[in-house]
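Asks: Kindly generate the corresponding structure for this input.
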Amino acid sequence: MKNCCSIEPRPIQTNGLAMFAPQKNTEEVCCGSPAGPPSSPFERPGYSVCPFVDRFKATTLGSVAVLKTHLSFQDRLGALMVRLDIGRNQYKVAPGLYAVGDPDANAPVLVTANYKLTLDSVRKELSAVNAWILVLDTRGINVWCAAGKGTFGTAEVIRQVKNVRLDQVVGHKKLILPQLGATGVSGLQIKKECGFEVIWGPVRAQDIPAFLANRQKASSAMRRVTFNLRERWVLTGVEITQTFKNLAWIIPALFILSGFGPGIFSLFQVWHRGSITVAAVLAGIWSGAFLTPLLLPWIPGRAFALKGGLMGLLFGVVLTLLFLKPVFSLSVLSLFLMGLPVSSYLAMNFTGCTPYTSPSGVEKEMRTAIPLQSLLVLAGLVLWIVSGFL
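Replies: Down below sits the predicted model:
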């Protein structure tokens, strides 16, 4: 039997010279499968073109990557994984100058962070826009958080403007920065150091096309920060996943402690009491990290620790009435003392995701709430162990 990759050639005549060519359609059948797609002409040894790059645009300073303005399945899968805190700290792109559409020297320059989720949210709104995108090195952090941490800041804007030699790419002196980055940036200092004027763009990326069409002027709606149900819901995945990572040693410890009783140690109690204990802790997690964010505007009180505590109390009462008998016992009280502070703490932890609080306010709340939460957890744990001997 002949090897498919050793097909006998057939002679052909070209200008009187005998040449040999493989049989027709050899490429389709050779080695049992069709040939794959050709490599990109922009690839270099040791490097590959990112899948979100469409092509490259020639400029006076060299080639600039032109970004795709539609999100692929790979982009959406990456976003889902990041929402679940999988690879979140490494979800970033190389800082520097990019483009969308076919920008020229008069095209606007949009500044953003190198957190890929942020870049994706910007580029997908720019399908009808020709613009340059200057990506800062924010260490893979979104604009708002990076502004608070100092990585989306004055020095980084100046550094990137000079690094990409932006003044040789565009013929104007304007940079459009996202409004949520304002806390970390001094427009006057940037103007002084590199000659570019800072224009504050809208809060949301979806408003960028309208902002540009309106001569780079934002309406009052574009300046307003929202925190609606969907915006709160998408943030809960990270909070819940991070919490469950910490349960890897807590859950086994709770099962073991639940086994101690009058008979010193009982495997039956490990499963029976342990399951109830873990369920109480999981209820606190569900209440604080999911229900509280969703119902945030409607829960009484201003402090997040209080909101989480109230939701934990309500959720605990419902579960107790449904599943625990007798309702009034030392065991039930101990479960409340463990589940309620868990809900309170996780709700307070959510303050880093919201526009409702200030850093100083959060620190003040933590100084009061964390000692009380710790005391309640300790008291609940002690009572739970004691109740096993009664």
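
Asks: which ones are touching the closest residue to Val362 other than its chain neighbours?
Replies: Leaving aside its sequence neighbours, Val362 sits nearest to Thr351 (C-beta to C-beta, 6 or more residues apart in numbering; 4.8 Å). From N, CA and C alone the C-beta is placed, and that goes for glycine too. With contact set as C-beta atoms under 8 Å, 6 or more residues apart in numbering, Thr351 has these partners: Phe304, Thr357, Val362, Glu365.

Asks: got a winner among the residues you listed for most neighbours?
Replies: When the contacts of Thr351 are compared by neighbour count (other C-beta atoms under 10 Å), Phe304 ends up highest, at 29 neighbours.

Asks: Touching, it and Tyr345? I think so.
Replies: No. Between Phe304 and Tyr345 there is no contact, the gap being 9.6 Å when judged by C-beta atoms under 8 Å.

Asks: Let's have the contacts of Thr351 in a markdown table, adding distance to Gly312 and secondary structure.
Replies: Output for those, formatted as a markdown table (distance: C-beta to C-beta, whole Å; DSSP: H, G, I helix; E, B strand; the rest coil):
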| residue | distance to Gly312 | secondary structure |
| --- | --- | --- |
| Phe304 | 12 | helix |
| Thr357 | 19 | coil |
| Val362 | 19 | helix |
| Glu365 | 16 | helix |
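
Asks: of these, closest to Asn89?
Replies: Using C-beta to C-beta, Val362 comes nearest to Asn89 of those, at 21.9 Å.

Asks: how about the helices in the stretch 151-300 of the chain?
Replies: Assigned by DSSP state H, counting those that start in this stretch, the helices in the stretch 151-300 of the chain fall at 154-163, 187-194, 208-213, 220-223, 229-233, 236-245, 247-258, 267-286, 292-294.

Asks: From the contact counts, what lies against the third one?
Replies: Under the contact criterion of 3 or more C-beta pairs under 8 Å, 6 or more residues apart in numbering; DSSP states H and E, the helices and strands touching helix 208-213 comprise an empty set.

Asks: Just the residues contacting it, thanks.
Replies: Residues outside helix 208-213 that contact it (C-beta under 8 Å, 6+ apart): 108, 110, 122, 125-126, 128-129, 131, 176, 201-202, 217-219, 222.

Asks: and what of the first one?
Replies: Contacts to helix 154-163, defined as C-beta under 8 Å, 6+ apart, come from residues 95-96, 111, 134-138, 166-167, 175, 177, 184-186, 189-190, 193-194, 196, 198.

Asks: and with 6 Å instead?
Replies: With C-beta atoms under 6 Å, 6 or more residues apart in numbering as the test, helix 154-163 has contacts from Leu134, Leu136, Val185, Ser186, Gln189, Ile190, Glu193, Cys194, Phe196.

Asks: what's the answer for the last one, then?
Replies: Where contact means C-beta under 6 Å, 6+ apart, the residues beyond helix 292-294 that reach it are Arg232, Thr236, Lys307, Gly308, Met311, Ala347, Phe350.

Asks: circling back: retrieve the pLDDT associated with the residue nearest to Val362.
Replies: pLDDT for Thr351: 86.

Asks: For Asp137, give me its contacts.
Replies: Pro95, Asn114.

Asks: hang on, the earlier thing: pull out the buried members of the contacts of helix 154-163.
Replies: Buried members of the contacts of helix 154-163, scored by 16 or more other C-beta atoms under 10 Å, are Leu134, Leu136, Val185, Ser186, Ile190, Glu193, Cys194, Phe196.

Asks: Can you say which two of the residues you listed are spatially most distant?
Replies: Spanning the widest gap among those are Leu134 and Ser186, at 16.9 Å by C-beta to C-beta.

Asks: show me where pLDDT drops low in the stretch 51-200 of the chain?
Replies: Within the stretch 51-200 of the chain, not a single segment meets pLDDT under 70.

Asks: Which residue ranges of it form strands?
Replies: All strands of the stretch 51-200 of the chain, identified by DSSP state E, counting those that start in this stretch, fall at 53-59, 62-67, 96-100, 109-113, 131-136, 174-177, 197-200.

Asks: Can you name every helix or strand that the fourth one contacts?
Replies: The reference is to strand 109-113. Secondary-structure packing of strand 109-113 (3 or more C-beta pairs under 6 Å, 6 or more residues apart in numbering; DSSP states H and E): strand 131-136, strand 174-177.
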